[in-house]
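# Here is my input, please return the structure:
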Amino acid sequence: MKPSPDPGFFSEQIAEAARFHFDPAPPEKTSLAVVSGGREHCSPDYEIHRKSFPLRGIEFVAQGRGRVDFGKRSFQILPGSVFSYGPRTPHDIVTDASDPLVKYFVDFTGSRAASLLRRHGPAPGTVIQTSSPGEIMALFDDLIRNGQSHTPFSGRIAAIILEHLLLKIAETSIPNGSSGSPAFATYRRCRQHIEDHWAELDSLGQAASSCNVAPAYLCRLFRRFDRQSPYQFLLRLKVNHAAERLLSGEASVADIAGELRFADPFHFSRVFRKIMGIAPSRFVRLSGR
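Below you'll find the predicted structure:
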């Protein structure tokens, strides 16, 4: 893929940017192809007014505040907001002059583009929030690095990252406006606490107590803002650690089961298989150990 001049739709009301645009544009029959993407630090006077757009686009707000209008519907956008548009989706994007937007974007096309947005969202003309803005930002940064490398593989890699990005947005999406709520702040605090102290926690009750919330409330928070229960999240962290220990070859299944305080190796093996889809012994054999 070769770099191209400004495609004409990049805004000039930008204080700083890291952007790329592939040239030539991909054939219309391509399954999924990224055309351009980047990160923009908007100037205080940043405004975009489009009656239409030739591509499908997704934008993610990393910092700042602003507004996006889709026809008569107006949405406030803030850190963690994700929105999309496409052909026949009029849209206006305006930054808050006192807190300018820093946002990422990706523009794409292809025969699968519309169906992927319908299946995973956000649908064109809608705004959602992500519960994991750091993960979304990391994927966008990876997309930009690969897009700017302009190797023979850049286009295909960008398309794969885009599909990963769409799936991650779907996995972490929460209703628009949720990120500023006290409930979401409590969820993020509890999730981070479990992630930091998983080795010391053995049950839902312990996790809830250490987070200073009731077990039922902790479950409600994860049901609202996550795709797994808090106990499933705890077990996944333990199993991820167990997989690393197995790959190191320094500990047996029985050793790891004891370290992680499972009732016995059989209980550990059942949990490992449920989460990883494979028994610990087979996992070790497939790794070449």
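
# Look up phi and psi at the closest residue to Ile275 other than its chain neighbours.
Counting by Cβ to Cβ, 6 or more residues apart in numbering, Val239 is the residue found nearest to Ile275 once chain neighbours are left out, at 4.6 Å. Heads up, the C-betas are built off the backbone N, CA and C, glycines and all. Phi and psi for Val239, reported as degrees, to the nearest 10, are phi -70, psi -40.

# OK, contacts around Val239?
Val271, Phe272, Ile275, Met276 (Cβ atoms under 8 Å, 6 or more residues apart in numbering).

# now Asp202
Contacts of Asp202 by Cβ under 8 Å, 6+ apart are Arg261.

# Buried residues, the helix or strand where Ala62 lies. List them.
Under the criterion of DSSP states H and E, Ala62 resides in strand 56-63. Within strand 56-63, the residues that count as buried by 16 or more other Cβ atoms under 10 Å are Arg56, Gly57, Ile58, Glu59, Phe60, Val61, Ala62.

# I'd like these as JSON lines, with pLDDT appended.
Formatted as JSON lines, these follow (pLDDT from 0 to 100):
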{"residue": "Arg56", "pLDDT": "94"}
{"residue": "Gly57", "pLDDT": "95"}
{"residue": "Ile58", "pLDDT": "97"}
{"residue": "Glu59", "pLDDT": "97"}
{"residue": "Phe60", "pLDDT": "97"}
{"residue": "Val61", "pLDDT": "95"}
{"residue": "Ala62", "pLDDT": "94"}
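
# residues near Pro79, how many?
19 (other Cβ atoms under 10 Å).

# What does the pLDDT read for it?
Per-residue confidence (pLDDT) for Pro79: 89.

# wait, it sits on Phe60?
No. In this structure, Pro79 is not within contact of Phe60 by Cβ atoms under 8 Å, at 9.4 Å.

# Ala17 looks like it's in a helix, true?
No. Counting by DSSP: H, G, I helix; E, B strand; the rest coil, Ala17 is not found in a helix; it is strand.

# Name the residues that touch the helix or strand where Leu143 lies?
Taking DSSP H and E as the criterion, Leu143 maps to helix 133-149. By Cβ under 8 Å, 6+ apart, the residues outside helix 133-149 that reach it are 18-20, 22, 34, 36-39, 60, 62, 79-80, 82, 104, 106, 130, 154, 157-158, 161-162, 164-165, 168-169, 172.

# Could the C-alpha coordinates of whichever helix or strand comes after it be exported in PDB?
Scanning forward in sequence from helix 133-149 by DSSP H and E, the next helix or strand is helix 154-172. The C-alpha trace of helix 154-172 is given here as PDB (Å, rounded to 0.1, in the frame of the first residue of the first chain):
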ATOM      1  CA  SER A 154      -0.400  -3.000   5.500                       C
ATOM      2  CA  GLY A 155      -3.900  -3.100   4.000                       C
ATOM      3  CA  ARG A 156      -4.600  -6.700   5.000                       C
ATOM      4  CA  ILE A 157      -3.300  -6.100   8.600                       C
ATOM      5  CA  ALA A 158      -5.400  -3.000   8.800                       C
ATOM      6  CA  ALA A 159      -8.500  -4.900   7.800                       C
ATOM      7  CA  ILE A 160      -7.800  -7.600  10.500                       C
ATOM      8  CA  ILE A 161      -7.300  -4.900  13.200                       C
ATOM      9  CA  LEU A 162     -10.500  -3.200  12.100                       C
ATOM     10  CA  GLU A 163     -12.500  -6.400  12.600                       C
ATOM     11  CA  HIS A 164     -10.800  -6.900  16.000                       C
ATOM     12  CA  LEU A 165     -11.800  -3.300  16.800                       C
ATOM     13  CA  LEU A 166     -15.400  -3.900  15.900                       C
ATOM     14  CA  LEU A 167     -15.600  -7.000  18.000                       C
ATOM     15  CA  LYS A 168     -14.000  -5.300  21.000                       C
ATOM     16  CA  ILE A 169     -16.400  -2.300  20.700                       C
ATOM     17  CA  ALA A 170     -19.300  -4.800  20.700                       C
ATOM     18  CA  GLU A 171     -17.800  -6.700  23.700                       C
ATOM     19  CA  THR A 172     -17.400  -3.600  25.800                       C
END
